[in-house]
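**Student:** Sequence first, then the predicted structure, then my questions.
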Amino acid sequence: MLEIINIHKTFDPGTINEKKALDGLSLTLHEGDFVTVIGGNGAGKSTMLNAVAGVWPVDEGSILIDGVDVTGLPEYKRAKYLGRVFQDPMTGTAATMQIEENLAMANRRGLRRFLRWGVTAKERAKYLSLLKELNLGLEDRMTVKAGLLSGGQRQALTLLMATLQKPKLLLLDEHTAALDPKTAAKVLEITDKIVSENHLTTMMVTHNMKDAITHGNRLIMMHEGRIILDISGEEKKSLHVKDLLQKFEEISGEEFATDKNILN
Amino acid sequence: MLTAYFSSIHITSLLNALPSNIAQGLIWGVMALGLYITFRLLNFADLTVDGSMATGGAITVMLTVNGWNIWLALLAAVAAGVCAGLVTGFFNTKLGIPPILSGILTQIALYSINLHILGGANKALPMDKYNLLLSSRNVLQAIIAGGLICTVLICIMYWYFGTEQGSAIRATGCNPAMSKAQGVNIGNMQLVGLAISNGIVALSGGLLSQYSGFADVNMGRGAIVIGLAAIIIGEVIGDALLGKHMNFIGKLSFVAFGGVIYYIVIGVVIWLKMPSNDLKLFTALIVAIFLAVPYLQKQSKTSFRKAGKRSQLNPKKEGGAKDA
């Protein structure tokens, strides 16, 4: 479903801030894979997601989504293949637009936008039932501006928006990192539900090792712009945070030592 | 001296000027509706309007004088405004020039272009010789025409910004990152928004030149400030009257209404015999005050000073009298 072939990306090349963010990264995702991505700060996790989403062009290598080479496509053209949820809850929704208007924007992802009415009555019924399933009370607030929602509600709404048009690939970029633990758990629960119901191919970046182990069928660990560990199936199910930390030290020769990871 | 001043002011002269103020206010209401698209929906402070307003007036006058039908002349004016907006959008989206500077560049360029169109600094449009849509000769007709144009425009804008494309323009102004993720080409949406906005502004320039009976290369100078005044006055009044019940059509109506209020206020200022040279200074002050009001209101609700007063825990306040 997703093929990343030997991509490279260096930020600010030739300057004092030069940073090699992706260094010959390759990865293949099969249909229905739910991959969790972990790694230290600056390992290239978000950079990989941004490369796939087309936030900027890569320096070298190819990216294929469902067999289509998207390496040369700008972000807005790749959008038709991708559902995305961001770390910052503010990023995923338009604050000054109503909940139903946000959903209607997402419902037309990848389609041409002409002079047809922005939200139709038929759509509204569909959104109502989908919002009801979220169980957050949003179904009664469809004409409320998205900016009035809490962080967790906005992330849940963004998740719904990302999957309204079934994407070839769902990209979750630390989408629970800005939420309190209880809300984060709720959003993850919704994530699991939506992913399994729609059989979505998913990549989820997280700082939380426990989440990375309990969710998905495959786990990859990144370090210095490359994948250093790729575990799936039964082996992943039996993983513990302790094993992951140990493996990280073995492979990278460094300690996986940010407070966030230890506390988690 | 004071008595001489007061005895020279009569309420009748204010009332006599009122219809003309309303007519001009409606024309500027059209302009404010155009500006609203960039200023509020696209979040783009577009200074092109000072130029495109004069361009609209210049083209309307020149084509009418050369025997064009007034509607066709206005249509040509709108087309010219659309082009001006596209140039500003090109500067910003394709060449990476910051929004405010893009607008200023187009505005300055239009000054020369407007001189070319007019063949000089200004050109008269004799009201009795041509079949105009509105003029200051017949103020009542001007009010009706201006009101109708505002109404039609508000309806069209309400419809358009409810469509898929209009929603995409609004989303682009609100959250570019989200818009891109939903497959919106935000550069194109900005171009479309700027084009429509400046087309409407040029239309108002065309109306104004008919009303005043001439086009002048400086007729758009300070237009953005007057347009902003109309938008902000309309928003403040609309918020006070409707509050939470405000919808999009209400917002647009109050923007047009804001233009009328602005010109009535200007009428009062002139009636009070303020030197007309100081009008722009006065306009700037009005805009500054209305821009500041929402901010100050918010501040008055949550301020450190009040929080300090509420706090009773520590009797020793910083800056207060120290114990001996």
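**Tutor:** Perfect, thanks for sending it. Quantities reported herein were computed from a predicted structural model and do not represent experimental measurements. Numbers count the residues shown, from 1 in each chain, chains lettered A, B, ... in the order given.
**Student:** Confirm residue A:230 sits in a strand?
**Tutor:** Yes - looking at residue A:230 with DSSP: H, G, I helix; E, B strand; the rest coil, it is inside a strand.
**Student:** burial count for the nearest residue to it once chain neighbours are set aside?
**Tutor:** In space, and not counting its chain neighbours, residue A:230 is closest to residue A:220: 5.0 Å by Cβ to Cβ, 6 or more residues apart in numbering or on different chains. C-beta: built from backbone N, CA, C; applies to glycine. For residue A:220, the neighbour count with other Cβ atoms under 10 Å in any protein chain shown is 22.
**Student:** who touches residue A:220 in this structure?
**Tutor:** A:27, A:35, A:36, A:37, A:38, A:227, A:229, A:230, A:231 (Cβ atoms under 8 Å, 6 or more residues apart in numbering or on different chains).
**Student:** Buried among those residues? Make that a PyMOL selection.
**Tutor:** Burial among the contacts of residue A:220 is assessed by 16 or more other Cβ atoms under 10 Å in any protein chain shown; the matching PyMOL selection reads:
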select buried, chain A and resi 27+35+36+37+38+227+229+231
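**Student:** so where is the stretch 151-300 of chain B shaky, pLDDT-wise?
**Tutor:** Applying pLDDT under 70 to the stretch 151-300 of chain B picks out no residues at all.
**Student:** Residue A:219 is in what secondary structure piece?
**Tutor:** strand A:218-223 (DSSP states H and E).
**Student:** Tell me the strands beside that strand, with direction?
**Tutor:** The strands beside strand A:218-223 in its sheet (DSSP bridges) come out as strand A:34-39 (parallel), strand A:226-232 (antiparallel).
**Student:** any idea of the mean pLDDT in it?
**Tutor:** What strand A:218-223 shows for mean pLDDT is 93.
**Student:** how about the nearest residue to residue A:132, chain neighbours excluded?
**Tutor:** Closest to residue A:132 by Cβ to Cβ, 6+ apart is residue A:139, at 4.6 Å.
**Student:** who's in contact with that neighbour?
**Tutor:** A:128, A:129, A:131, A:132.
**Student:** and those residues, which two are the farthest apart?
**Tutor:** Pairwise distances across the contacts of residue A:139 peak at 7.4 Å for A:129 and A:131 (criterion: Cβ to Cβ).
**Student:** which one of the two has more residues nearby?
**Tutor:** Taking neighbours as other Cβ under 10 Å, residue A:129 and residue A:131 compare with residue A:131 leading, 22 against 9.
**Student:** Give the full set of residues in contact with residue B:279.
**Tutor:** Contacts of residue B:279 by Cβ under 8 Å, 6+ apart are B:266, B:269, B:270.
**Student:** pretty sure the first one is in contact with residue B:21, am I right?
**Tutor:** In this case it means residue B:266. Yes - using Cβ atoms under 8 Å, residue B:266 is in contact with residue B:21, at 7.0 Å.
**Student:** Quickly note the distance from the residue lying closest to residue A:229 once chain neighbours are set aside to residue A:253.
**Tutor:** Leaving aside its chain neighbours, residue A:229 sits nearest to residue A:221 (3.8 Å; criterion: Cβ to Cβ, 6+ apart). Computed as Cβ to Cβ, to the nearest Å, the residue A:221 to residue A:253 distance reads 14 Å.
**Student:** Neighbour count: those two, which is higher?
**Tutor:** For residue A:221 and residue A:253, the more surrounded residue by other Cβ under 10 Å is residue A:221, and the numbers stand at 25 against 8.
**Student:** beta partners for that one?
**Tutor:** Following DSSP bridges, residue A:221 is listed with bridge partners residue A:38, residue A:229.
**Student:** how close does the closest residue to chain B within chain A get to residue B:45?
**Tutor:** As assessed by Cβ to the nearest Cβ, chain B sits closest to residue A:79 within chain A, at 3.5 Å. Look at residue A:79 and residue B:45: by Cβ to Cβ, they are 28 Å apart.
**Student:** ok and the residue in the stretch 151-300 of chain B nearest chain A?
**Tutor:** For the stretch 151-300 of chain B, Cβ to the nearest Cβ, closest residue to chain A: residue B:183, 3.5 Å.
**Student:** What score does the residue lying closest to that residue once chain neighbours are set aside have for pLDDT?
**Tutor:** Nearest residue to residue B:183, sequence neighbours excluded (Cβ to Cβ, 6+ apart): residue A:79, at 3.5 Å. Confidence at residue A:79, expressed as pLDDT, is 95.
**Student:** go on, residue A:58?
**Tutor:** pLDDT, read off for residue A:58, is 96.
**Student:** Test my guess that it contacts residue A:51.
**Tutor:** Yes - applying Cβ under 8 Å as the test, residue A:58 and residue A:51 come out as touching, 5.3 Å apart.
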